[in-house]
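[1] Quick one, structure for this:
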Amino acid sequence: MQKIPSFTIDHIRLLRGIYVSRKDEVGGETVTTFDIRMKEPNREPVLGQPEIHTIEHLAATFLRNHPVWADKIIYWGPMGCLTGNYLVMKGDLTSRDVLPLVTETFRFIAGYEGEIPGATPKDCGNYLMMNLPMAKWEAAKFLREVLEQITDANLEYPR
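    Below you'll find the predicted structure:
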């Protein structure tokens, strides 16, 4: 069986950042999947399930309501390895194109106060698995240590 492209990325050298994971043609339009890598794989503790779940709810809500980008957002969700999230968008986009949007998203999460959107038994399959304080802490850490100091090494997969 052939390896899928995401399993060919050198996770030993992969840094935290924003990477183009893949581009696909769907109905004549390019769809870009971004790897929003919040943790260095196999080198630091992964995100806890309650905080990444909270980040998912907050980021998805923010992005799907964004005044400029809302119509380009297809999906935001956690990676199974718990080291980051996937952002899927309409358009042939680069990591630099979405850097301001991702930065704005993490600022929103880091400063969020109030009820977590969609965190009710009617709206979510595991509404009790939330941790807003840790989600805010992780978002602020990623914002401060990566997004506000971004370099090419955090925007292009290691070769």
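[2] Could I get the full set of helices for the protein?
    49-64, 95-110, 132-145 (DSSP state H).
[3] could I get these as CSV with mean neighbour count and distance to residue 14?
    Yep, even glycine has a C-beta here, placed from its N, CA and C like the rest. Written out in CSV, the entries for the helices of the chain read as follows (neighbours: other C-beta atoms under 10 Å; distance: least, C-beta to C-beta, whole Å):
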stretch, mean neighbour count, distance to residue 14
helix 49-64, 21, 18
helix 95-110, 19, 13
helix 132-145, 18, 15
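[4] what about residue 120, how many neighbours?
    10 (other C-beta atoms under 10 Å).
[5] Can you pull out the low-pLDDT segments for the chain?
    Low-confidence segments of the chain, defined by pLDDT under 70, are located at 2-6.
[6] try 80 this time
    Screening the chain residue by residue with the criterion pLDDT under 80, one finds the ranges 2-8.
[7] Okay, strands next: where are they in it?
    For the chain, the strands defined by DSSP state E cover 17-26, 29-37, 73-78, 84-90.
[8] if we can go back for a sec, nearest to residue 31 among the helices of the chain would be which one?
    Each of these was scored for nearness to residue 31 using C-beta to C-beta, and the closest is helix 95-110 (13.2 Å).
[9] Send me that closest one as PDB with only the CA atoms.
    Output for helix 95-110, consisting of C-alpha atoms alone and laid out as PDB, is shown next (Å, rounded to 0.1, in the frame of the first residue of the first chain):
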ATOM      1  CA  SER A  95       0.700  29.600   4.800                       C
ATOM      2  CA  ARG A  96       1.600  33.300   4.600                       C
ATOM      3  CA  ASP A  97      -1.900  34.100   3.100                       C
ATOM      4  CA  VAL A  98      -3.600  32.800   6.200                       C
ATOM      5  CA  LEU A  99      -1.100  33.800   8.800                       C
ATOM      6  CA  PRO A 100      -3.000  37.000   9.800                       C
ATOM      7  CA  LEU A 101      -6.300  35.000  10.000                       C
ATOM      8  CA  VAL A 102      -4.700  32.300  12.200                       C
ATOM      9  CA  THR A 103      -3.100  34.900  14.400                       C
ATOM     10  CA  GLU A 104      -6.400  36.700  14.800                       C
ATOM     11  CA  THR A 105      -8.100  33.300  15.600                       C
ATOM     12  CA  PHE A 106      -5.600  32.500  18.400                       C
ATOM     13  CA  ARG A 107      -5.900  36.000  19.800                       C
ATOM     14  CA  PHE A 108      -9.600  35.500  20.000                       C
ATOM     15  CA  ILE A 109      -9.200  32.200  21.800                       C
ATOM     16  CA  ALA A 110      -6.600  33.500  24.200                       C
END
